[in-house]
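Engineer: coords please:
(one chain, ligands or ions: 1)
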Amino acid sequence: MSGHLAIVGLGPGDARYLTPEADEALAAAQALYGYGPYLERVPVRADQSHYASDNREERARAAAALAHAAQGARVAIVSGGDPGVFAMAAAICEEIEFGPQIWRALDVTIVPGITAMLAVAARIGAPLGHDFCALSLSDNLKPWELIERRLDAAAGAGFVIALYNPVSRARPWQLGAAIERLRRHLPPSTPVVFGRAVGRQDEQVHVVTLDAVDSANADMATLVIVGSRETRVIERAGRPPLVYTSRAAAEDSA
Ligand code: SAH
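Structural biologist: Take a look at the predicted model:
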């Protein structure tokens, strides 16, 4: 079968974060699929068609892109950041696993991108400098009780925790509840990084302590990094602080 599907990570927003491989994959596509605001980042070319869809229509978007590729076209489907991190690559795999056999014969390429937690971390120091994990706070596809158990386990084991999808219009309380949960495990002085719209014009990055977190400061474009007992803040005169997680850990760190 000649159809080809590239699942392309666009990075967090800044065009300089688009890899040359991603650029090539986009240029080679005849048809481009994606969530509207992500697709808008790809310049429109007369010989390419754009199919924008809503954020919540991931499965339908994945199926449409697969069906289009199965007709023999070169199709690209885009994600912000990395397509394998809480994004389209897993949605496509779900569709391939449960969809028509013919989709298994497609040539599928996954093009990685810089994920939000790496872009945010780089802005502020090295908060992911030692053991860390990433969790999505969206309870659209998993129960909230499971998220709480994972928060308990991660904080209890001493991981730095990157929180994706902290809030949305339909999920206003989840970040506040997660922070409450983490306060049971971590000292009040634990550094917490808020990185918003990193790589875009309205970028904001700041650090607070766990006891002072106001979850109203996060929106859909925010990534939150909650430190561990090894995460420290270096204050610098005239420069923003550096937040980092030490590579050495004590036995009582978890
Ligand atoms: N695939 C994406 C993540 C999709 S989930 C990636 O790898 O980055 C969407 C969540 O990612 C948002 O709710 C937010 O938590 C985070 N995010 C995406 N882009 C961001 C950016 N530019 N700055 C900060 N956080 C971002």
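Engineer: Identify the residues contacting residue 108.
Structural biologist: The neighbours of residue 108, taking CB atoms under 8 Å, 6 or more residues apart in numbering as the test, are 4, 5, 6, 7, 92, 96. Backbone N, C-alpha and C define where each C-beta goes, glycine included.
Engineer: The ligand: which of the residues you listed is nearest?
Structural biologist: residue 7 (10.8 Å; CB to the nearest ligand atom).
Engineer: for residue 182, what are its contacts?
Structural biologist: 151, 155, 161, 190, 210, 226.
Engineer: quick one: which of the residues you listed is most hemmed in?
Structural biologist: Counting neighbours by other CB atoms under 10 Å, residue 226 leads the contacts of residue 182 with 27 neighbours.
Engineer: just to revisit the earlier point, would you mind checking the contacts of residue 108 for buried ones?
Structural biologist: 4, 5, 6, 7, 92, 96 (16 or more other CB atoms under 10 Å).
Engineer: So the first one sits against residue 69, correct?
Structural biologist: The one in question is residue 4. Yes - shown here, residue 4 and residue 69 form a contact pair, counting by CB atoms under 8 Å, at 6.1 Å.
Engineer: Now the common contact residues for these two.
Structural biologist: Going by CB under 8 Å, 6+ apart, residues that sit against residue 4 and also against residue 69 are 75, 106.
Engineer: what would the buried ones among the contacts of residue 108 look like in JSON lines with distance to residue 218, secondary structure and pLDDT?
Structural biologist: Putting those into JSON lines (distance: CB to CB, whole Å; DSSP: H, G, I helix; E, B strand; the rest coil; pLDDT from 0 to 100) gives the following:
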{"residue": "4", "distance to residue 218": "38", "secondary structure": "strand", "pLDDT": "97"}
{"residue": "5", "distance to residue 218": "33", "secondary structure": "strand", "pLDDT": "98"}
{"residue": "6", "distance to residue 218": "32", "secondary structure": "strand", "pLDDT": "98"}
{"residue": "7", "distance to residue 218": "27", "secondary structure": "strand", "pLDDT": "98"}
{"residue": "92", "distance to residue 218": "28", "secondary structure": "helix", "pLDDT": "98"}
{"residue": "96", "distance to residue 218": "34", "secondary structure": "helix", "pLDDT": "97"}
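Engineer: Pipe the residues you listed into a markdown table and attach distance to the ligand per row.
Structural biologist: Listed next are the buried ones among the contacts of residue 108 as a markdown table, based on distance: CB to the nearest ligand atom, whole Å:
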| residue | distance to the ligand |
| --- | --- |
| 4 | 22 |
| 5 | 17 |
| 6 | 15 |
| 7 | 11 |
| 92 | 13 |
| 96 | 19 |
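Engineer: So which bits of stretch 49-67 are buried?
Structural biologist: Neighbour-count burial for stretch 49-67, counted by 16+ other CB under 10 Å, picks out 53, 58, 61, 62, 63, 64, 65, 66, 67.
Engineer: Make sure the fifth one is actually in contact with residue 96.
Structural biologist: No - the pair formed by residue 63 and residue 96 falls short of the contact definition of CB under 8 Å, at 9.9 Å.
Engineer: Could you give the bridge partners of the closest residue to the ligand within the chain?
Structural biologist: Across the chain, the shortest distance to the ligand (CB to the nearest ligand atom) belongs to residue 81, at 2.0 Å. Assessed by DSSP bridges, residue 81 has beta-bridge partners residue 11.
Engineer: How about residue 245?
Structural biologist: residue 231.
Engineer: and it, what is it in contact with?
Structural biologist: Counted by CB under 8 Å, 6+ apart, residue 245 has contacts 126, 127, 128, 129, 130, 132, 160, 227, 228, 230, 231, 232.
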